[in-house]
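# sequence first, predicted coordinates after that:
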Amino acid sequence: MANRDVLQRISDSWSGLSKGQKRIAEYIRDNFDKVSYLTAAQLGRQTDVSESTVVRFATRLGYDGFPDLQRSLQATARNKLTSVQRIQVAQDRIGGQDVLTSVMQSDMENIRATLNECDREEFYGAVDALVSARRIYILGVRSSAGLASFLGFYLHLILDNVSTLQSNSASEMFEQILRVGKKDVVIGISFPRYSKRIIQAMKFARDQGAGVIAVTDNPSSPLTVSASHVLLAKSDMASFADSLAAPLSLLNALIVETSRRTENDLAGTLERLENIWEEYQVYEKADEGF
């Protein structure tokens, strides 16, 4: 049952639910966008049942408790909500709070949760795959395009075999990874709502025998199906815009560890680049214009 979302679990468990639990289930199905940010007590009041009934309902669906169910609901909501619905949920959550404080505190919580829950074995396995790859392809579109560009820019300084692909066209994306093979690594980056283009490209890469790294938000993300390594980062929405602070921080750590593995080669590369930047005046000098 682990990879099924809350709505599917409700459907599968319906016949075994009590009357009170069915009221909870019906309320969730009709208001899953709102329920994902209610406490157990608040949900109990909305459905006229006790808080303990809500907790038992969560365990009846196979969750460790209500917080576990709530996290699954939030993942479901982020993937199913339209942009307009996201705005309404964000307004309900922020209420009369200071927006700057609310959003930045949420980003800090996302980074903290990502650090606490990061699987070190998966992280270092992904680094091993990058360092030994013949060719690296980075896939990211829409809101994840910025993450793909960031990762691609720095990995390109470290390694000479990196390509960043951001095309929204299915045909163009497949054309660019047409020759992917067993010694290559494909990094797919996507957060709710997940990109079908990325999911399809990752499946293609897996079927060709390539190593596949998924950078996403949840173990039940469709990106994980094709991945040999999964890097999870919290991406709770602030509004219609995705919160990408934690994913960016995770990718930063991936870049730093990869650079540590290739430190000698990187030093020579950066020294050459500094000379080029100086010769062609790429950067503004601090003392110019004074």
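Yep, it's here.
# what stretches of the stretch 101-250 of the chain score poorly on pLDDT?
By pLDDT under 70, the weakly predicted segments of the stretch 101-250 of the chain are 168, 170, 236-241.
# what about 80?
Along the stretch 101-250 of the chain, segments meeting pLDDT under 80 span 102, 166-171, 193, 236-242.
# where do the strands sit along it?
With DSSP state E, counting those that start in this stretch as the criterion, the stretch 101-250 of the chain has strands at 136-140, 162-165, 185-189, 211-216, 229-232.
# quick one: residue 124 from residue 107, how far?
The spacing between residue 124 and residue 107, counted by C-beta to C-beta, to the nearest Å, is 25 Å. Just so you know, the C-beta spots here come from the backbone N, C-alpha and C atoms, and that holds for glycine as well.
# residue 277 now?
Residue 277 is 32 Å from residue 107, by C-beta to C-beta.
# pick the most buried one from the strands of the stretch 101-250 of the chain.
Of all the strands of the stretch 101-250 of the chain, strand 185-189 has the most neighbours on average by mean count of other C-beta atoms under 10 Å, namely a mean of 29.
# next one: stretch 38-55 to chain centre, how far?
Averaged C-alpha coordinates place stretch 38-55 at 30 Å from its chain's average position (C-alpha atoms, centre = their mean, to the nearest Å).
# follow-up on the earlier one: and residue 124 and residue 107? which has more neighbours close in?
residue 107 (19 against 13; other C-beta atoms under 10 Å).
# quick one: the more buried one and residue 101, what's the gap?
Taken as C-beta to C-beta, the span from residue 107 to residue 101 is 11 Å.
# next: residue 16.
44 Å.
# need the contact list for the nearest residue to residue 188 once chain neighbours are set aside.
With sequence-adjacent residues excluded and distances taken as C-beta to C-beta, 6 or more residues apart in numbering, residue 188 is closest to residue 202, at 4.3 Å. By C-beta atoms under 8 Å, 6 or more residues apart in numbering, residue 202 lies in contact with 139, 186, 188, 212, 214, 223, 226-227.
# got the strands of the stretch 101-250 of the chain as a markdown table, with distance to residue 50 columns?
Listed next are the strands of the stretch 101-250 of the chain as a markdown table, based on distance: least, C-beta to C-beta, whole Å:
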| stretch | distance to residue 50 |
| --- | --- |
| strand 136-140 | 45 |
| strand 162-165 | 52 |
| strand 185-189 | 43 |
| strand 211-216 | 36 |
| strand 229-232 | 34 |
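# these: which one's closest to residue 282?
Closest to residue 282 of the strands of the stretch 101-250 of the chain is strand 162-165 (C-beta to C-beta; 20.0 Å).
# pairing partners for the closest one, with directions?
strand 136-140 (parallel) (DSSP bridges).
# angle of the strand it pairs with against strand 185-189?
Using axes from the mean of the first three to the mean of the last three C-alpha atoms, to 10 degrees, the inter-axis angle of strand 136-140 relative to strand 185-189 is 10 degrees.
# from here on, count from 230
OK, 230 is where the count begins now, so the last one is strand 365-369.
# of the contacts of residue 431, closest to residue 396?
Here the nearest of the contacts of residue 431 to residue 396, counting by C-beta to C-beta, is residue 368; it sits at 9.2 Å.
# show me what contacts the nearest residue to the closest one once chain neighbours are set aside?
The shortest distance from residue 368 to any non-neighbouring residue, by C-beta to C-beta, 6+ apart, is to residue 417 (4.8 Å). Residues near residue 417 by C-beta under 8 Å, 6+ apart: 368-369, 427-428, 430-431, 441-445, 452, 455-456.
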